[in-house]
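Participant: missing the sequence, but the structure's below:
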């Protein structure tokens, strides 16, 4: 019986993950209005009832999906530990120009006009934002006890979000590449690349 | 008869402006899904027929509205000519954290999943983006013939867009103020404030 329960748990977790992946994909491709619970169930190959067992409401499904993808991408970003500032900034910008950002953006904008979504998305985005900031500080070896360093890293993340927005409708890669290259050199100069260590938090 | 025609033209232009203002307000407050033609007509106190005389389609109405507000704000920004880099960067950031940006963002995100809206918004946003860039270069007295200067200004505008996004759901003013102050000093250093002149384009 224990083995049976384990198997069910494993299968349950796999179904849950498949649903969250499908939900994030739908959100990125179809936007909030087009991302119904039915569309996600079909895409994941899961019955509507099974979906509702895992995620009782539409808000549960999509906020969990964005959080799930954010965790995966944050882990991938932490894999850049020890890489130079150039690789790190490019990694951060990639994160904000990829499908996760697109999914988050749809959820974020929907939350600004949907009261039942808003408090959950505010809480979620603040958590994702804090985590992104912490990861960026670690990876850049930025010493936040130095006045102004915190704001340099925050501005960099804001810029990455702006670059993500600029890539929503058009392929903005070439321009973005030039902007990022220029700003990497500025950030290296400002953070005093020579003085900071990759584990200098 | 000539006077009569003039009066009609003036009244027509005033109605058109009132409709565009109402459309931009609706978009910022209610998002794309909630911004129907009927809602805008009611808010502007204009009949549905009169609205459709000025703007035959929903796409016409909302792209014209965003363009109209963008032109007004761009003119306000140009009023900062001669102010220091600090005032200029704050002015740019205010532009991207105000109601125009909110309206644009809703239109932008809707365009990413609505094929009939997409080409018009792509064209519009590219035009607004170019104009914002040109104005920023002029106001900052940035010399774009110096390698890298163009990318500094572009990155600054991307950062402003990212800050706008961060202020969509929560009042982010205090954090934003600190980030902007820090980046103003960085940009002043990078652009070599002493060397450039306010008319140095």
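Facilitator: Cool, got the structure. It should be emphasised that the depicted structure is a prediction, and the values quoted were computed from it without experimental measurement. Numbers count the residues shown, from 1 in each chain, chains lettered A, B, ... in the order given.
Participant: in which helix or strand would I find residue A:49?
Facilitator: helix A:48-54 (DSSP states H and E).
Participant: So what's the gap between the lengthiest helix in chain A and the chain middle?
Facilitator: In chain A, ranked by residue count with DSSP state H as the criterion, the top helix is helix A:2-34. Centroid separation between helix A:2-34 and its chain, computed with CA atoms, centre = their mean, to the nearest Å, is 17 Å.
Participant: what's next to the helix or strand following it, contact-wise?
Facilitator: Downstream of helix A:2-34, the first helix or strand assigned by DSSP H and E is helix A:37-44. Contact partners of helix A:37-44, identified using CB atoms under 8 Å, 6 or more residues apart in numbering or on different chains, comprise A:15, A:18-19, A:21-23, A:25-26, A:30, A:47-48, A:50-52, A:58, A:61. All C-beta spots, glycine's among them, are computed from the backbone N, C-alpha and C.
Participant: shouldn't residue A:33 be in contact with residue B:106?
Facilitator: No. In this structure, residue A:33 is not within contact of residue B:106 by CB atoms under 8 Å, at 11.8 Å.
Participant: Of those two, which one has the most company?
Facilitator: residue B:106 (27 against 14; other CB atoms under 10 Å in any protein chain shown).
Participant: What residues does that one make contact with?
Facilitator: Per CB under 8 Å, 6+ apart, neighbours of residue B:106: A:109, B:27-28, B:31-32, B:35.
Participant: Quick check, pLDDT for it.
Facilitator: On pLDDT, residue B:106 comes in at 96.
Participant: following the helix or strand containing it, which helix or strand comes up?
Facilitator: Per DSSP H and E, residue B:106 falls inside helix B:99-111. Counting by DSSP H and E, the element after helix B:99-111 in chain order, helix or strand, is helix B:118-140.
Participant: Tell me which residues of that following helix come out buried.
Facilitator: B:118, B:120-122, B:124-125, B:128-129, B:132-133, B:135-140 (16 or more other CB atoms under 10 Å in any protein chain shown).
Participant: closest to chain A among the residues you listed?
Facilitator: Chain A lies nearest to residue B:122 out of the buried residues of helix B:118-140, by CB to the nearest CB, at 5.1 Å.
Participant: And residue A:64, its phi and psi?
Facilitator: phi -60, psi -40 (degrees, to the nearest 10).
Participant: Find me the pLDDT at it, would you?
Facilitator: On the pLDDT scale, residue A:64 gets 97.
Participant: That one: neighbouring residues, count only.
Facilitator: 19.
Participant: again with the one 4 residues further on
Facilitator: Residues lying near residue A:68 (other CB under 10 Å) number 18.
Participant: For it, which non-adjacent residue is closest in space?
Facilitator: Nearest residue to residue A:68, sequence neighbours excluded (CB to CB, 6 or more residues apart in numbering or on different chains): residue A:20, at 4.2 Å.
Participant: for residue A:176, same thing?
Facilitator: Excluding its sequence neighbours, the residue lying closest to residue A:176 (CB to CB, 6+ apart) is residue A:163, at 5.3 Å.
Participant: ok so, going back, so which elements touch the longest helix of chain A?
Facilitator: Judged by 3 or more CB pairs under 8 Å, 6 or more residues apart in numbering or on different chains; DSSP states H and E, the packing partners of helix A:2-34 are helix A:37-44, helix A:48-54, helix A:58-78, helix A:99-111.
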